[in-house]
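In: the sequence and its predicted three-dimensional model are supplied below.
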Amino acid sequence: MVATTQVPAFCEGIQYFGELPPQFETYGKTPSIAAGSKAIAAPTDPAAVYQTLLYADALRYLTLQVTASKASGHPGGFASQTEAYAALVMLGHKNIATEVGHHAPGFYSAMFLDRSLEAMGIKTVQELRDRFREQHGLLGHLSGYIPGILAPAGPLGQGQHFAMAAAKLHPGTLFPFTMGDGGMGEPYPMSSMAHFHTAFPSATNFLPVLVWNGFSQEHHSMVSLKTNAEMIAYWQGNGFENVVLVDAKAFDDQNQGAFADSTACSFEQRLAFTQAVLSGVDAAAKSALSGQLTVFIIKQLKGAGVHARGAKSHNLYGHHTLENPEIIAALQANAMPAAVWELVRTNCERAAGGSASQVAVTESELPLPDLGQLPLQEYASGEAKISTTAMGALVAYVGQQDPAYLVTNADGNEASAIANINQALKIIHPTEDPLYNQSPGGQVYEPLSEDACAGLAVGLALFGSRSLWCSYESFAINGLPIWQTVTQAMAELRRSTPSTICLFTAGALEQGRNGWTHQRPEIEAYFAAMIRNGNIFPLFPPDANSIQVCFDWAVSTRNKGIVITASKSPLPIRTTLAQTRQALQDGAMLLQETPGSSRVVFAVVGDMTLMPVYEAAAQLATAGIGSRIVSVVSPRRLYRPSDVAADSCSLPDEHFLDDAGFEQFFGGDALIGITGGASGMLEPIMLRSRIRRDTVAWKRGETTASAGALMAFNGITAEHLVDRAKALLS
């Protein structure tokens, strides 16, 4: 390839073009990734090293110009590791995730250079600038909407889950993920990787790429004073067998501080640094793919090559426009001629066999085994059955049909009356012990961390596999941030993937003797708010028949977040399978209707809460007052279409109960909504009802000897319900 004199069309919008870099005639005439190849021939090839450096600088330039075009965004963190990212791509690796949402503009620049963003109509740098941080464009943090991006990124402590899930599903493929030293202090990454490695020792094909740049978002990072030896020892102490560290300081010829900026060095030393990074990444990738738990660490000053250094480079403020002198100086220092842009793009197009939007594992649907018909068992009315156990039998069946199926639980399945899951699928453990249902080849993942449980479960679902996260209701909050991240990503995904499903048990009412530490049904307010997102479905089956139908429906759905909340106590069967099938469509089902001079409607969320309601209905009947008991199974169906952003979802579910159906369930003379959890779950009913109404809901926890006593403490008693009904009617 000869040096290009004409500016390629994709370069429209580049603010500055520079002169040819030194040695271009020697090392830049021919792309290092040959036509028909997926990677450079060797990491020691001088031309490959040279062109990796050019790619790193192209990423720096685009990252800064794109963020400055909106005077908003985060260039500094990604800029400090562009050599590592460029090395991965030049070596043919494009399944790259990140722990750092602030690296988004760098990832977008990479997706632009390999033409992935053309799938969303971004073909020029000008269009890249125009759509950065705009609706239906390039979000401020990575999302499931962007072609070629494997996973969303926002809250710290999440990226490793996606890489590990992908590694489990795709042996033989490398899944690097970048993480910053500012976020390394989060407790989750190290503990979750350690447990994953113990459970799946052969799945080492995920590669943390630590960006050790000395700073976090607003100050020095907490590990900025560690020596290289101490950092290596830290990772080794957390189970990493191979730690590859490349420090820009070793190549510093400008007398910089402990954290060096390679872009300030001579061109020769820049090449030497890039050579070390390229060889180090190559060695780390091969190590990870060959069965060793490996980390690659690039140590370079934050903000290398952009408008500022240290934490001051982290994000742009309103004055950091393209007219700002600091921005102009940095862009001009990084400016490259059209010939370099053409060379870089050619390598990016060829790497890994095509654009990330074509070759990344998340760009196609993962084939799944056919489950056939789940073996639902219909129990007779009045029998006392445990809902969670009934669902556990179906979970076991799914796991037996689908070897990749994974169930996660931090607090123990037996404690939630789903020991049958452990018995059938076995807890993943290096110690084989039939007494405790342990086996290295099991399908039940039990780290003592809700974050790790939720993270791997939702990561698997996002990457196309089936999973189930089980938790005590009171503890699940610790894993919800990543669940929320993934469900939002699923709402905008450009492909279909299995819904992420949860079973939350041991609700507050069952945990009286444990006290308020185990009584946190406020979590339901979290889900109640999320319903409006469009693809979130909290389900409240009232008995063991109902929960089976709920789970059967959940595993058949795509791109949803489904939370099934149920008791682990034996409760009477009140429904048929057919009733719940109807309730999943309409949102609710009629359990009992008692005639009388007037009619009180009880809209009930939950299963144990039905007990005082039935008693209240009986007391009202003796006074000649009629009642209707309606079980609210799927509150989301009871909203009005305008209340929920269903139409914004990529796979919209736009079915809602119409006004006539709502009136049929909830029409009467008075309405009382009852829940043992957060009152927010009753919002759709209270919004639509036009009759006198009231809410009876959870207030706070307390230590009690029974569920009934705890309900009494919170005012959920037959006597209180009768009093409220009579007051409303009067």
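Out: Everything's here; your move. Remember, it's a predicted structure, so these values are computed and weren't measured experimentally. Numbers count the residues shown, from 1 in each chain.
In: so where do the strands sit in the stretch 1-150 of the chain?
Out: Applying DSSP state E, counting those that start in this stretch to the stretch 1-150 of the chain gives strands spanning 97-98.
In: what does residue 727 show for phi and psi?
Out: Backbone torsions for residue 727, taken as degrees, to the nearest 10, come to phi -70, psi -40.
In: what comes up buried for stretch 407-426?
Out: 407-414, 416-426 (16 or more other Cβ atoms under 10 Å). Bear in mind the C-beta positions are built from the backbone N, C-alpha and C, glycine included.
In: now do the end-to-end distance for that stretch.
Out: End-to-end distance for stretch 407-426: 10 Å, by Cα to Cα, to the nearest Å.
In: surely residue 644 and residue 637 touch.
Out: No - using Cβ atoms under 8 Å, residue 644 is not in contact with residue 637, being 9.8 Å away.
In: pull up the overlap in contacts between the two.
Out: Common contacts of residue 644 and residue 637, defined by Cβ atoms under 8 Å, 6 or more residues apart in numbering, comprise residue 656.
In: how is the chain partitioned into domains?
Out: According to automatic domain parsing, the chain comprises the domains 9-363, 384-729.
In: make CSV from those domains and add distance to residue 370 and mean pLDDT to it.
Out: Listed next are the domains of the chain as CSV, based on distance: least, Cβ to Cβ, whole Å; pLDDT from 0 to 100:
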stretch, distance to residue 370, mean pLDDT
domain 9-363, 18, 95
domain 384-729, 8, 94
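In: closest to residue 373 out of those?
Out: Judged by Cβ to Cβ, the one of those that comes nearest to residue 373 is domain 384-729, at 8.8 Å.
In: can you tell me the centre-most residue of this structure?
Out: The structure's the chain has its C-alpha centroid closest to residue 486; by Cα atoms, centre = their mean the separation is 3.2 Å.
In: okay, the domains of the chain in CSV with distance to residue 375 next?
Out: Converted to CSV, those look like this (distance: least, Cβ to Cβ, whole Å):
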stretch, distance to residue 375
domain 9-363, 27
domain 384-729, 6
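In: looking at the ones you listed, which is nearest to residue 369?
Out: domain 384-729 (4.8 Å).
In: so how far is the first residue of the closest one from its last?
Out: End-to-end distance of domain 384-729 (Cα to Cα): 34 Å.
In: and what of stretch 360-376?
Out: With Cα to Cα, one end of stretch 360-376 sits 38 Å from the other.
In: what does it contact?
Out: Contacts for stretch 360-376 (Cβ under 8 Å, 6+ apart): 94-95, 147-151, 166, 169-170, 173, 356-357, 393-394, 397-398, 401-404, 462-466, 495-498, 548-549, 551-552, 555, 577.
In: now the buried members of those residues.
Out: Here, 16+ other Cβ under 10 Å leaves 94-95, 147-151, 166, 169-170, 356-357, 393-394, 397-398, 402, 404, 462-466, 495, 497-498, 548-549, 551-552, 555 buried among the contacts of stretch 360-376.
In: where do the helices sit along the stretch 251-400 of the chain?
Out: Under the criterion DSSP state H, counting those that start in this stretch, helices of the stretch 251-400 of the chain are mapped to 267-289, 325-334, 338-350, 356-359, 387-401.
In: packing partners for the last one?
Out: Spelled out, it's helix 387-401. On a contact count with 3 or more Cβ pairs under 8 Å, 6 or more residues apart in numbering; DSSP states H and E, helix 387-401 meets helix 419-425, strand 500-505, helix 544-556.
In: one more: the longest one?
Out: Using 3+ Cβ pairs under 8 Å, 6+ apart as the contact criterion, the secondary-structure elements in contact with helix 267-289 are helix 46-69, helix 82-90, strand 206-212, strand 242-247, strand 294-299.
In: between helix 267-289 and the last one, find me the angle.
Out: Okay, so that is strand 294-299. In terms of direction (axes from the mean of the first three to the mean of the last three Cα atoms, to 10 degrees), strand 294-299 departs from helix 267-289 by 160 degrees.
In: for the second one, same thing?
Out: Our comparison of helix 82-90 with helix 267-289, counting by the same axes, to 10 degrees, yields an angle of 50 degrees.
In: format the CA atom coordinates belonging to helix 82-90 as PDB.
Out: Output of helix 82-90 as PDB, limited to C-alpha atoms (Å, rounded to 0.1, in the frame of the first residue of the first chain):
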ATOM      1  CA  THR A  82      -4.400   2.500  24.400                       C
ATOM      2  CA  GLU A  83      -1.200   0.500  23.700                       C
ATOM      3  CA  ALA A  84      -2.700  -2.500  25.500                       C
ATOM      4  CA  TYR A  85      -6.000  -2.300  23.700                       C
ATOM      5  CA  ALA A  86      -4.200  -1.800  20.400                       C
ATOM      6  CA  ALA A  87      -2.100  -4.800  21.100                       C
ATOM      7  CA  LEU A  88      -5.100  -7.000  21.800                       C
ATOM      8  CA  VAL A  89      -6.700  -6.100  18.500                       C
ATOM      9  CA  MET A  90      -3.500  -6.400  16.500                       C
END
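In: related to what we said a few turns ago, and the helices and strands packed on helix 387-401 as a markdown table, adding distance to residue 389?
Out: Output for the helices and strands packed on helix 387-401, formatted as a markdown table (distance: least, Cβ to Cβ, whole Å):
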| stretch | distance to residue 389 |
| --- | --- |
| helix 419-425 | 6 |
| strand 500-505 | 10 |
| helix 544-556 | 7 |
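In: out of those, nearest to residue 446?
Out: Going by Cβ to Cβ, the one of those nearest residue 446 is helix 419-425, 8.9 Å.
In: which residue ranges of the stretch 551-700 of the chain form strands?
Out: Here the stretch 551-700 of the chain has its strands, by DSSP E, counting those that start in this stretch, at 561-565, 570-572, 588-594, 599-605, 626-632, 670-675, 692-696.
In: CSV please, covering those and showing distance to residue 159 and mean neighbour count.
Out: As requested, these are exported to CSV (distance: least, Cβ to Cβ, whole Å; neighbours: other Cβ atoms under 10 Å):
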stretch, distance to residue 159, mean neighbour count
strand 561-565, 20, 26
strand 570-572, 41, 17
strand 588-594, 40, 19
strand 599-605, 35, 27
strand 626-632, 37, 25
strand 670-675, 36, 25
strand 692-696, 40, 19
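In: out of the ones you listed, nearest to residue 16?
Out: Among these, strand 561-565 sits nearest to residue 16 (Cβ to Cβ), with 45.2 Å.
In: partners of the closest one in the sheet?
Out: Sheet pairing for strand 561-565, assigned by DSSP bridges, gives strand 500-505 (parallel), strand 536-539 (parallel).
In: would you tell me what the next helix or strand after the first one is?
Out: If I follow you right, that is strand 500-505. Next along the chain after strand 500-505, taking DSSP states H and E as the criterion, comes helix 523-530.
In: which among the helices and strands packed on helix 267-289 is found nearest to residue 309?
Out: helix 46-69 (13.0 Å).
In: and stretch 295-309, what's buried?
Out: 295-309.
In: residue 706: which of those is nearest?
Out: Among those, residue 295 lies closest to residue 706 (Cβ to Cβ), at 51.3 Å.
In: give me the distance between the nearest residue to that closest one once chain neighbours are set aside and residue 640.
Out: Counting by Cβ to Cβ, 6 or more residues apart in numbering, residue 295 lies nearest to residue 208, which is 4.6 Å off, once chain neighbours are set aside. Residue 208 is 46 Å from residue 640, where distance means Cβ to Cβ, to the nearest Å.
In: before we move on, back to that, rebuild the helices and strands packed on helix 267-289 as JSON lines, extending it with distance to residue 534.
Out: Below are the helices and strands packed on helix 267-289 laid out as JSON lines (distance: least, Cβ to Cβ, whole Å):
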{"stretch": "helix 46-69", "distance to residue 534": "29"}
{"stretch": "helix 82-90", "distance to residue 534": "33"}
{"stretch": "strand 206-212", "distance to residue 534": "31"}
{"stretch": "strand 242-247", "distance to residue 534": "43"}
{"stretch": "strand 294-299", "distance to residue 534": "38"}
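In: brilliant, that's me finished.
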